[in-house]
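1. dropping a prediction and its sequence here:
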Amino acid sequence: MTFDYIIDKCREKMRYDNLWSEFTFDELIDYARIKAHRGQILYNKGMIDKAEDDILDSVNILFCSVLKIHSLIEKKEEK
């Protein structure tokens with residue numbers, strides 16, 4: 001597995017366009033934490049495929065939090 005493979009998997013999972021923009025930065029971070037924790041629980045129960053899915057969701061949500069930061073920076077610069 002490579003970093004590019006993981007990025008491609010995340011790209012496939014981005015199904016909701018820019019829905020992330022409706023959430024606050026804190027909500028995105030909290031949701032990513034919840035998905036990662038659920039992935040950890042599933043992993044510890046031996047449900048590896050489902051764990052990977054939740055971890056990839058968490059990564060996507062964290063990517064969206066970075067997008068949120070940049071959208072906030074752009075809004076500040078417009079003023």
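-> Cool, got the structure.
2. if we go by neighbour counts, what in stretch 66-79 is buried?
-> Under the neighbour-count criterion of 16 or more other Cβ atoms under 10 Å, stretch 66-79 has K68 buried. In this view, the C-beta of every residue, glycine as well, is placed from N, C-alpha and C.
3. got the contact list for the nearest residue to G39 once chain neighbours are set aside?
-> Closest residue to G39 apart from its sequence neighbours, by Cβ to Cβ, 6 or more residues apart in numbering: D54 at 3.6 Å. Residues near D54 by Cβ atoms under 8 Å, 6 or more residues apart in numbering: K35, A36, R38, G39, L42.
4. 10 Å instead, please
-> Counting by Cβ atoms under 10 Å, 6 or more residues apart in numbering, D54 touches I34, K35, A36, H37, R38, G39, Q40, I41, L42, Y43, M47.
5. what do you get for I34?
-> If you count contacts by Cβ under 10 Å, 6+ apart, then I34 has D54, D57, S58, I61 around it.
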